[in-house]
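Visitor: Structural data only, the sequence is not supplied:
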């Protein structure tokens, strides 16, 4: 299992969800604004979580390389 690949996929998915929500809001600003804000907050949290996974995977790979150096 490659954590970096999974996190990158999650990151792409979260960015797409955020962009789709922004487009829906631009088309109809007052139709379900609350739900769109929740969607964007969730997407932002998902982006942050996936970035944390990428950083952790990078740190772990670096630590492993340091062990063998």
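Guide: Looks like it came in fine. Values in this document were obtained by computation on a predicted structure and should not be read as measured data.

Visitor: any weak-confidence spans in this protein?
Guide: 1 (pLDDT under 70).

Visitor: which stretches of it form strands?
Guide: Remark: no strands are assigned in the chain by DSSP state E.

Visitor: Closest to the centroid, which residue in it?
Guide: residue 47 (2.3 Å; Cα atoms, centre = their mean).

Visitor: wouldn't that residue be in contact with residue 8 here?
Guide: No: the pair residue 47 / residue 8 is not scored as a contact, 11.6 Å apart, by Cβ atoms under 8 Å. (C-beta placed from N, C-alpha, C; glycine too.)

Visitor: Pull the number of nearby residues for residue 26.
Guide: The number of residues packed near residue 26 is 8, by other Cβ atoms under 10 Å.

Visitor: any idea how far residue 53 is from it?
Guide: 30 Å (Cβ to Cβ, to the nearest Å).

Visitor: again, but for residue 32
Guide: 31 Å.

Visitor: Tell me which of these two has more neighbours.
Guide: residue 53 (17 against 12).
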